[in-house]
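*Asks:* Generate a structure from the sequence data that follows.
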Amino acid sequence: MPDKKEELARLIKKRIVHDKFWAAVNFGYANILAWLVVLSSFGSAICAAAKAPAIYTAILAAIPGCVIVLARNLNFMPLSRWHHKLAARLQALERSLEFENKTVEEISREFSKVMVEFENNSPVVNVGGLLEHSDKDDKKPTSQ
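*Replies:* Numbering: from 1, shown residues only. The predicted model follows:
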């Protein structure tokens, strides 16, 4: 059975790998959407200049607007940055565990603090206000 230090190191490493993966995935999606906007805009201009059927021009011209709405609501680039920042903080913890004279308990507490901090500040995916919550939602109407 692994000791506490090895187990904590494994948990931190697992989370670092997880966040690096999702940082790369979100970065990839953000770049794909950016290129899709550029290429479809260019393509619609070419179609218009070449007097291609109007349906092709219309479809290509509509893509940038749709992609911008997707990119704004799905937050791929902010999510990518969030995962990169979290991975960097966890790598610092990993080095503290390995090279500094800190106890497993100290690193464990710091790991928990980092995770709570990042979870509380994570970018959200906007689904049209369906998940928005405000304090006024909890208030019950008062009788007059």
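*Asks:* From now on I want contacts and neighbour counts done on CA atoms only, so please keep to that.
*Replies:* Noted.
*Asks:* could you check the distance from the residue most central in space within the chain over to S41?
*Replies:* When the chain is reduced to its mean C-alpha position, the closest residue under Cα atoms, centre = their mean turns out to be L79, at 1.7 Å. Applying Cα to Cα, to the nearest Å, the value for L79 to S41 is 26 Å.
*Asks:* Surely the residue nearest to the centre of the chain and P123 touch.
*Replies:* Yes. Under the criterion of Cα atoms under 8 Å, L79 is in contact with P123, at a separation of 6.0 Å.
*Asks:* List of residues touching the helix or strand where R109 lies?
*Replies:* With secondary structure defined by DSSP states H and E, R109 is part of helix 104-120. Outside helix 104-120, the residues within contact range by Cα atoms under 8 Å, 6 or more residues apart in numbering are K4, K5, L8, I12, W82, L86, R89, L90, L93, S96, L97.
*Asks:* Just those residues: which are in helices?
*Replies:* With DSSP state H as the criterion, helices contain K4, K5, L8, I12, W82, L86, R89, L90, L93, S96, L97 from among these.
*Asks:* Could you look up the SS state of K51?
*Replies:* Of the three states, K51 takes coil according to DSSP: H, G, I helix; E, B strand; the rest coil.
*Asks:* right, and V125 touches L74 too?
*Replies:* Yes. A contact is recorded between V125 and L74 when judged using Cα under 8 Å, the distance being 4.9 Å.
*Asks:* what helix or strand does P123 sit in?
*Replies:* P123 belongs to no helix or strand, assigned by DSSP H and E.
*Asks:* what distance separates the lowest-mean-pLDDT helix or strand in the chain from the middle of the whole chain?
*Replies:* Using mean pLDDT, DSSP states H and E, helix 54-74 stands out as the lowest-scoring helix or strand of the chain, at a mean of 92. In terms of Cα atoms, centre = their mean, to the nearest Å, the centre of helix 54-74 is found 22 Å from the chain centre.
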